[in-house]
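Participant: sequence and predicted structure below; questions after.
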Amino acid sequence: MKKRDRMERDRAAGKAELLCEALPWINKMSGKTFVIKYGGSAMEDPELCRQVVADIEMLKLMGVRIVLVHGGGKAINAMLKRLDVPVKFKDGLRVTDDETMEAVQEVLVGHVNQQLVWALNEYGHNAVGISGADGKTLKAEPVNPDLGRVGRIREVDTNLINTILDDGYIPVVATVGCGPDGFYNINADVAADKIAEAMGADKLIYLTDVDGLFRDFSDENSLVAQLTRTETHELLESGTLDGGMIPKIRSVAEALDAGVSEVVILNGTYPHSLLLEIFTDAGCGTMFTQD
Ligand SMILES: Nc1ncnc2c1ncn2[C@@H]1O[C@H](COP(=O)(O)OP(=O)(O)O)[C@@H](O)[C@H]1O
Ligand SMILES: CC(=O)N[C@@H](CCC(=O)OP(=O)(O)O)C(=O)O
């Protein structure tokens, strides 16, 4: 055998070995339900986005029932800037007047959602994009008059999501909710939690643009590896969180309270962080568990 052929064979043997090593994990994953929230902050780079989509496809092939819930906060900010509409947040939630609501819908439902569907469908006929208004999946009501059309989820109707999953597709959910008087802007972290609760998900994963939760965001050595439910509540009550971490950690705590056994915050901009988290014992990012 020529030297080059031998090298190729050895490389292929390495890949086969890797697949065999993954077998016990594949067995463990099959039939489980994961809700994956893909944050707008982690979607900026198309190549990294392609890797996230490939990981999701891999999990699907392993028999995981995946619900993909996406954000798009940065893209909404960019659109509002183009429209010359001011961007305003309170405790991590976008103050949403009627004009802002139109932009949110246009960006989340019309653009980000369809981009993800398109990317997933590169791997086959795999994805179906919906907004929370489809099939009345996310029934919403106003949170607080100061926030305008920001919605709180009153109820998640899982019928449409389950139908899509049962038919072998990945539901891709844009977090626009429906109320009696029109559409509501729902924070994607909050929506992912409520969907995970309603689906009785085995795992809720937040993909963002940082390695996980930092005890002190100005100290890169303060990444938190694991927190229990009680510790998560203590952190929330300490008032030390800010920005997008407030709705995220509040959602983590609510998911744990509702019985989701594991929540993870991962860096979606790190290549294949999803697979690394699932196929290594140590995992990566910050893991939140029951007490
Ligand atoms: N303690 C903290 N640990 C990690 N990130 C933090 C912390 N406090 C604030 N952040 C900010 O939270 C951001 C992630 O939340 P967000 O911008 O809402 O992202 P996403 O679009 O993924 O939901 C990080 O980019 C970081 O700037
Ligand atoms: C009420 C509220 O804040 N809604 C969010 C919805 C999108 C989102 O949550 O996107 P990320 O996950 O990328 O932050 C917003 O308007 O930005």
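Facilitator: Perfect, thanks for sending it. Ligands and ions are numbered 1, 2, ... in the order given.

Participant: only C-alpha atoms for contact and neighbour calcs from this point on.
Facilitator: Noted.

Participant: pretty sure Gly31 sits against Gly63.
Facilitator: Yes: using C-alpha atoms under 8 Å, Gly31 is in contact with Gly63, at 5.5 Å.

Participant: can you tell me how far the most centrally placed residue in the chain is from ligand 2?
Facilitator: By C-alpha atoms, centre = their mean, the chain has its centre lying nearest to Lys37, at 0.6 Å. Lys37 sits 8 Å away from ligand 2, going by C-alpha to the nearest ligand atom, to the nearest Å.

Participant: and for Leu108?
Facilitator: 7 Å.

Participant: ok, now Met287?
Facilitator: 19 Å.

Participant: secondary structure element for the closest residue to Ile265 other than its chain neighbours?
Facilitator: Using C-alpha to C-alpha, 6 or more residues apart in numbering and skipping residues adjacent in sequence, the residue nearest Ile265 is Tyr206, 4.7 Å away. Here Tyr206 sits within strand 203-208, counting by DSSP states H and E.

Participant: who in the protein is up against ligand 2?
Facilitator: 39-41, 71-73, 93-94, 150, 185-189 (C-alpha under 6 Å from any ligand atom).

Participant: which ones among those are found in helices?
Facilitator: 73, 188-189 (DSSP state H).

Participant: picking that back up, is the strand holding Tyr206 positioned near ligand 1?
Facilitator: Yes: shown here: strand 203-208 in contact with ligand 1 (C-alpha under 6 Å from any ligand atom) through Thr208.

Participant: can you list the buried residues in that strand?
Facilitator: Judged by neighbour count (16 or more other C-alpha atoms under 10 Å), strand 203-208 contains these buried residues: 203-208.

Participant: quick check: of the residues you listed, which lies closest to ligand 1?
Facilitator: Thr208 (3.5 Å; C-alpha to the nearest ligand atom).

Participant: on that earlier part again, buried among the residues of the chain next to ligand 2? Make that a ChimeraX selection.
Facilitator: This is the ChimeraX syntax for the buried subset of these, where burial follows 16+ other C-alpha under 10 Å:
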select :39,40,41,71,72,73,93,94,150,185,186,187,188,189
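
Participant: would TSV of the residues of the chain next to ligand 2 with pLDDT be doable?
Facilitator: Formatted as TSV, the residues of the chain next to ligand 2 follow (pLDDT from 0 to 100):
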residue	pLDDT
Gly39	95
Gly40	91
Ser41	90
Gly71	97
Gly72	97
Gly73	97
Leu93	94
Arg94	97
Val150	98
Asn185	98
Ile186	98
Asn187	96
Ala188	97
Asp189	97
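
Participant: would you point out the most distant pair within the residues of the chain next to ligand 2?
Facilitator: Spanning the widest gap among the residues of the chain next to ligand 2 are Ser41 and Val150, at 19.8 Å by C-alpha to C-alpha.

Participant: was I right to think Asp91 contacts Arg250?
Facilitator: No: in this structure Asp91 lies outside contact range of Arg250 using C-alpha under 8 Å: 11.2 Å.
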